[in-house]
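Q: A predicted structure for the sequence below; I have some questions about it.
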Amino acid sequence: MISFVPDLPPRPPRPALPVVTALRLDSPLRGGLLVLGNFDGFHLGHRALLATARKIAGAIPLGVMSCEPHPRQFFGNQQGFRLAGRQSKLRLLEGLDVDYLYQPQFDAEFAALTPDAFAREILSQALGVSTVMAGEDFRFGKGRAGDLPLLTRLGQHYGFRVQPFADQQFAGTRVSSTGVRAAIRAGDLGHAARLLGAPWSVDLIRDDSGGFALDPLLCQPPAGRYILRRPGTDITVTLDGQGSVAPVPGPVPDPGLRCGLWQISGMDDQRASPVCGANISVPVLAPAASWRGQPLPLACENTPPF
Ligand SMILES: Cc1cc2nc3c(=O)[nH]c(=O)nc-3n(C[C@H](O)[C@H](O)[C@H](O)COP(=O)(O)O)c2cc1C
Ligand SMILES: Nc1ncnc2c1ncn2[C@@H]1O[C@H](COP(=O)(O)OP(=O)(O)OP(=O)(O)O)[C@@H](O)[C@H]1O
């Protein structure tokens, strides 16, 4: 069992996270460790990967790769797919100890990069990484032709190390963004929160009728009553299953629904994890068996909710 970061004193406020598509040759961010994938929602598997990557990176820069749009959106799932829009992705990432976000435009040109071209043009030339890290299932390159064994051979050729990361499970199932999406679509926001390590964060926007709606990019929970929460404010709302959000009139005048980032849990989700900030410290365990059937030893550092 690797327990990662010990209880550290609260960090001084960090500058805004650099979001890059390449790094200049003189950038201090070159020579770092880059974790590869899409990282939609930053669930517990992602967080365990990032915690291990931070420990392995030590003093060298740690970068996270996450394309926009998500490759599955590019290939077809435009609406109602994501767990986190651009804004909440950045907010979640700023709560984790990384040094930059590599956010390439996922378009036809990028999708057509062969595994060799991705390793040469992006990892070696554009970013100058010393190490890349990914889970065992990671696929990349045109037609998803690349896997970790191929990336390892390409790294030997282009001068970077490949660090695989073992599958992390929760109650016998591999934690995945797909699993979180399924829990949300089933209305089980308590289970979604347990897989995410915090209540699901949603972007609330104005809709065409001047009312409120969940960002249409996001997964849509079924119609029903939910609690929206941000520091100091809880609002009960009804969702219509198509994204519209309507405050439930109640004895307490509605303190005013606003656009922006909210955490959301279902009305009957007593199991939802306590509201806590983005800094969830998850001890990194040996793969799979250690988490089988065990409630996750989650500890929320003393960061305020969003
Ligand atoms: C350079 C590059 C090219 C890619 N080209 C494709 C592609 O042609 N088709 C595809 O489905 N995914 C493509 N992807 C996306 C990844 O394969 C995909 O994000 C990864 O497998 C995770 O997707 P999954 O969650 O569906 O497994 C590409 C990724 C990279 C980095
Ligand atoms: N449960 C997990 N255990 C270990 N690594 C994981 C786990 N889930 C994702 N990863 C790794 O984290 C990175 C980002 O993964 P990705 O964005 O593809 O997540 P995902 O949860 O598999 O998404 P999706 O369910 O949409 O396919 C990849 O390197 C992936 O291999």
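A: Thanks, I have it. Ligands and ions are numbered 1, 2, ... in the order given.
Q: now do the same for Pro231: its pLDDT.
A: Per-residue pLDDT puts Pro231 at 86.
Q: tell me how far stretch 97-112 lies from the chain's centre.
A: On the basis of Cα atoms, centre = their mean, to the nearest Å, stretch 97-112 sits 14 Å off its chain's mean C-alpha point.
Q: so it, near ligand 1 or not?
A: Yes - applying Cβ under 6 Å from any ligand atom, one finds stretch 97-112 in contact with ligand 1 at Phe110, Ala111. Where you see a C-beta, it was placed from the backbone N, CA and C, and this is true even at glycine.
Q: so which bits of that stretch are buried?
A: Asp97, Val98, Asp99, Tyr100, Leu101, Tyr102, Gln103, Pro104, Phe106, Phe110 (16 or more other Cβ atoms under 10 Å).
Q: then stretch 48-59?
A: Ala48, Leu49, Leu50, Ala51, Thr52, Ala53, Arg54, Ile56, Ala57.
Q: ok, which of those also contact ligand 2?
A: Within those, those near ligand 2 by Cβ under 6 Å from any ligand atom are Leu49.
Q: picking up where we left off before, export the buried residues of stretch 97-112 as CSV, with columns for secondary structure and pLDDT.
A: CSV is the format used below for the buried residues of stretch 97-112 (DSSP: H, G, I helix; E, B strand; the rest coil; pLDDT from 0 to 100):
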residue, secondary structure, pLDDT
Asp97, coil, 88
Val98, coil, 95
Asp99, coil, 96
Tyr100, strand, 97
Leu101, strand, 97
Tyr102, strand, 98
Gln103, coil, 97
Pro104, coil, 98
Phe106, coil, 97
Phe110, helix, 98
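Q: which of those residues lies closest to ligand 1?
A: Of all these, Phe110 has the smallest distance to ligand 1: 5.7 Å, by Cβ to the nearest ligand atom.
Q: so which residues of this protein form helices?
A: Here the chain has its helices, by DSSP state H, at 44-57, 71-74, 86-94, 108-111, 115-117, 148-158, 177-185, 189-196.
Q: nearest to Asp167, out of the ones you listed?
A: helix 44-57 (7.7 Å; Cβ to Cβ).
Q: now do that closest one: which elements does it pack against?
A: Applying 3 or more Cβ pairs under 8 Å, 6 or more residues apart in numbering; DSSP states H and E, one finds that helix 44-57 contacts strand 33-35, strand 62-65, strand 131-135, strand 161-165, strand 280-281.
Q: what is the burial count for Arg225?
A: 12 (other Cβ atoms under 10 Å).
Q: how far away is the nearest residue to it once chain neighbours are set aside from Gly41?
A: Closest residue to Arg225 apart from its sequence neighbours, by Cβ to Cβ, 6 or more residues apart in numbering: Met267 at 4.4 Å. Using Cβ to Cβ, to the nearest Å, Met267 is found at 22 Å from Gly41.
Q: between those two, which is the more surrounded one?
A: Neighbour totals were compared for Met267 and Gly41, and Gly41 leads with 25 against 15 (other Cβ under 10 Å).
Q: that one touches Ser176, doesn't it?
A: No - checked against Cβ atoms under 8 Å, the pair Gly41 and Ser176 is beyond contact range at 9.6 Å.
Q: how about low-confidence regions in the chain?
A: 1-14, 77, 250-255, 268-306 (pLDDT under 70).
Q: can you give the domain ranges for it?
A: 19-169, 176-300 (automatic domain parsing).
Q: quick one: terminal-to-terminal distance for the longest one?
A: Taking Cα to Cα, to the nearest Å, the first and last residues of domain 19-169 lie 30 Å apart.
Q: touching ligand 1 at all, stretch 133-146?
A: Yes - Stretch 133-146 reaches ligand 1 (Cβ under 6 Å from any ligand atom) through Arg139, Phe140, Gly141, Lys142, Gly143, Arg144.
Q: write out the residues of the stretch 101-250 of the chain neighbouring ligand 2.
A: Ala134, Gly135, Asp137, Phe138, Phe165, Asp167, Gln168, Arg174, Val175, Ser176, Ser177, Thr178.
Q: now these: which count as buried?
A: Ala134, Gly135, Phe138, Phe165, Gln168, Arg174, Val175, Ser176, Ser177.
Q: can you pull the contacts of the second one?
A: For Gly135, the residues meeting the contact criterion (Cβ atoms under 8 Å, 6 or more residues apart in numbering) are Gly37, Gly45, Leu49, Pro164, Phe165, Ala166, Asp167.
Q: got the residues of the chain near ligand 1?
A: 38, 71-72, 75, 110-111, 113, 118, 139-144.
Q: please spell out the PyMOL selection for the buried subset of those residues.
A: The PyMOL command for the buried members of the residues of the chain next to ligand 1 (criterion: 16+ other Cβ under 10 Å) is given here:
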select buried, resi 38+72+110+113+118+139+140+141
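Q: nearest to Gln156, of the residues of the chain next to ligand 1?
A: Distances from Gln156 to these, taken by Cβ to Cβ, are shortest for Phe118, at 15.4 Å.
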